[in-house]
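Enquirer: this one's sequence-less:
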Ligand code: GLP
């Protein structure tokens, strides 16, 4: 794992944008694996600014997102589909048909997981962006998820529900289940970029990068990927 430590979140976002833009400029038809959460927001703002200033072309880019809350429709303010549209896709002119995400409202969850797995097979990702849960999760693959897992429905860890509650009016509104891309598919991306910011991620960053590779710390699997870069600010990297 290549590790880049930045002085703050601003520099982390700038470095992440360099990596992402390199992929997009090299291949205007690249497939981008994208992530939600607060960590990638700075990167997304940089991509939007670059698109405005330099006209970087996204008209043929395709995207695949990591995860989606089960039970939220795509126009729900807290759905990840809505988050992506609002924070990235609309500003870059990325049309809905270029994008992919699990359908949180799917009637048959097993069928939806199989559909997403098949789609990811047809759409190998050039880069997979990841955030890091404070308990070491990636996407919604919570501790204990087998490394060989495909897309599946998870019941969120109580710590994840608490972490994500800040984005909802009330903790009771946080969905308890979600669809998530599996660890197997995350590892299939040609390149992985994982971002971590803030002292509350320091323990997870340490375990991910320097600890034992174990299913109890899902992100530790990234030590086995041939082209994975971690960008962490000083606060998140303080235990390295
Ligand atoms: C959520 C998401 C993850 C994200 C993580 C960290 O649970 N499913 O994909 O990486 O939280 O979020 P944040 O960047 O807001 O700390």
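Expert: Alright, I've got the coordinates. None of the values given here were measured: they were computed from a predicted structure. Residues are numbered from 1 along each chain as shown.
Enquirer: which intervals of this structure have sub-threshold pLDDT?
Expert: The model of the chain has no residue with pLDDT under 70.
Enquirer: Show me which residues of it sit near the ligand.
Expert: 35-39, 66-67, 131-133, 139-140, 160, 164 (CB under 6 Å from any ligand atom). Bear in mind the C-beta positions are built from the backbone N, C-alpha and C, glycine included.
Enquirer: Of these, which belong to strands?
Expert: residue 67 (DSSP state E).
Enquirer: Name only those of the residues of the chain next to the ligand that count as buried.
Expert: The neighbour-count test (16 or more other CB atoms under 10 Å) marks 35-37, 39, 66-67, 131-133, 139-140, 160, 164 as buried among the residues of the chain next to the ligand.
Enquirer: mind listing what residue 219 touches?
Expert: 130, 132, 133, 136, 137, 138, 194, 204, 207, 208 (CB atoms under 8 Å, 6 or more residues apart in numbering).
Enquirer: that older thread, nearest to residue 84 among the buried ones among the residues of the chain next to the ligand?
Expert: residue 36 (6.8 Å; CB to CB).
Enquirer: tally of neighbours for residue 146?
Expert: For residue 146, the neighbour count with other CB atoms under 10 Å is 13.
Enquirer: Could you do the one 3 residues further on as well?
Expert: Under the neighbour criterion other CB under 10 Å, residue 149 is assigned a count of 18.
Enquirer: Would you report the backbone torsion angles of it?
Expert: Residue 149 adopts backbone torsions of phi -70, psi 150, taken as degrees, to the nearest 10.
Enquirer: separation between it and residue 5?
Expert: As judged by CB to CB, to the nearest Å, residue 149 and residue 5 stand 30 Å apart.
Enquirer: Quote the end-to-end distance of stretch 191-206.
Expert: For stretch 191-206, the first and last residues are 21 Å from each other (CA to CA, to the nearest Å).
Enquirer: contact partners of it?
Expert: For stretch 191-206, contacts defined as CB under 8 Å, 6+ apart pick out 9, 12, 16, 19-20, 23, 39-40, 43, 126-136, 138, 186, 208, 217, 219, 222, 225, 227-233, 235-240.
Enquirer: how does it look with 7 Å?
Expert: 9, 12, 16, 19, 39-40, 126-136, 219, 222, 225, 227-233, 235-240 (CB atoms under 7 Å, 6 or more residues apart in numbering).
Enquirer: Now the buried members of these.
Expert: 9, 12, 16, 19, 39-40, 126-136, 219, 222, 225, 228-233, 235-237.
Enquirer: Enumerate every residue touching residue 89.
Expert: So residue 89 contacts residue 99 (CB under 7 Å, 6+ apart).
Enquirer: And for the one 4 residues further on?
Expert: Residues in contact with residue 93, defined by CB under 7 Å, 6+ apart, are 58, 59.
Enquirer: Nearest the geometric middle of this protein, what residue?
Expert: For the chain, the residue whose C-alpha lies nearest the mean C-alpha position (CA atoms, centre = their mean) is residue 35; its distance is 2.6 Å.
Enquirer: how near is the nearest residue to residue 59 once chain neighbours are set aside to the ligand?
Expert: For residue 59, ignoring the flanking residues on the chain, the nearest one in space by CB to CB, 6 or more residues apart in numbering is residue 93 at 6.7 Å. Applying CB to the nearest ligand atom, to the nearest Å, the value for residue 93 to the ligand is 24 Å.
Enquirer: so residue 143 sits right up against residue 221, yeah?
Expert: No: counting by CB atoms under 7 Å, residue 143 stays clear of residue 221, with 11.8 Å between them.
Enquirer: Looking at these two, which is more packed in?
Expert: Per other CB under 10 Å, whichever of residue 143 and residue 221 has more neighbours is residue 221, with 21 against 16.
Enquirer: pretty sure that one is touching residue 147, no?
Expert: Yes: with contact defined as CB under 7 Å, residue 221 counts as touching residue 147 (5.2 Å).
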